[in-house]
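Novice: Just a sequence and a predicted model for now, questions to come.
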Amino acid sequence: MLDSSQFARATQSLPILQEAGTSLTREFQQKAFFASIPAGRDVFVEGDRVEAIALLISGVVRVYKIGETGREITLYRFGNGSSCILTANAILSHKTFPAVATVEKDAEAVMIPADVFRDWVKRYDVWREFVFDLLSDRLSTVMAVIDEVAFQRMDRRVALLLLERARRLNPIRITHQEIAADLGSSREVISRLLEDFVSEGSIHSGRGTVEVLDFDLLESRLLV
């Protein structure tokens, strides 16, 4: 059960609660529970049975796959006001979790038990629409990842990642291994590409940081 303070925070972060009727709102406060999850903690690993779904009200969770060689690729991230489509799918299909979900930034979440989640999908139109919207948004994200992996050159993908991160915070606190894990590549390939970017003058690469020095020059990689 959520106390009044936790419910107020959930209402601010989750648009679904601003649209829900009295019955769903009352059940939400009674049946949901609050959880704090520190950075670095695995929420689920592949093969886990899913007992509840997390709706984040703070923090960031990364969802990714690990190949047989140990190489990782990020499927998507979700943060404030959102949730994990693979968790929802596992609950609705009564299957185990098919990837790994790890907290990247300390997270606070409202947890909905799996049986309650399924019941609300059956009984409340507004909740069912919330789940379908979540499915649609995440499917688009995963399709974009597939497109990048299958059809785009790695130097373009690295440049795009650096540009997106640097527009939020520059220098970027990121390692070569973290870039490789995000993009499903190897650290050696990423290091070689970053060396090329350094040589052309578009970035500076330090220990655990990358600084974009020339946005226009780095953006030119996207046009080739």
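Specialist: Noted; the coordinates are in hand.
Novice: Can you tell me the closest non-neighbouring residue to A114?
Specialist: Of all residues not flanking A114 in the chain, I91 sits nearest, at 4.6 Å (C-beta to C-beta, 6 or more residues apart in numbering). Using the backbone N, CA and C atoms, a C-beta is placed for each residue, glycine as well.
Novice: so who does the one you found touch?
Specialist: V50, I53, A114, F117, R118 (C-beta atoms under 8 Å, 6 or more residues apart in numbering).
Novice: How is it assigned, secondary-structure-wise?
Specialist: Under DSSP: H, G, I helix; E, B strand; the rest coil, I91 falls in the helix class.
Novice: how much space is there between it and I112?
Specialist: Computed as C-beta to C-beta, to the nearest Å, the I91 to I112 distance reads 9 Å.
Novice: Mutual contacts of these two, please.
Specialist: I53.
Novice: sorry, back to before: Throw the contacts of I91 into a markdown table and include pLDDT and secondary structure, thanks.
Specialist: Below are those laid out as a markdown table (pLDDT from 0 to 100; DSSP: H, G, I helix; E, B strand; the rest coil):
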| residue | pLDDT | secondary structure |
| --- | --- | --- |
| V50 | 94 | coil |
| I53 | 94 | strand |
| A114 | 96 | helix |
| F117 | 95 | helix |
| R118 | 95 | helix |
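Novice: Please pick the buried ones from those.
Specialist: V50, I53, A114, F117 (16 or more other C-beta atoms under 10 Å).
Novice: Contact partners for the spatially most central residue of the chain?
Specialist: For the chain, the residue sitting closest to the mean C-alpha position, by C-alpha atoms, centre = their mean, is R77 at 1.0 Å. R77 is in contact with V60, V61, R62, V63, E104, counting by C-beta under 8 Å, 6+ apart.
Novice: Which helix or strand lies directly C-terminal to the longest helix along the chain?
Specialist: For the chain, the longest helix by residue count, based on DSSP state H, is helix 125-151. Once the chain leaves helix 125-151, the next helix or strand it forms, by DSSP states H and E, is helix 154-166.
Novice: what helices or strands is that next one leaning on?
Specialist: On a contact count with 3 or more C-beta pairs under 8 Å, 6 or more residues apart in numbering; DSSP states H and E, helix 154-166 meets strand 172-173, helix 176-183, helix 187-200, strand 209-212, helix 215-219.
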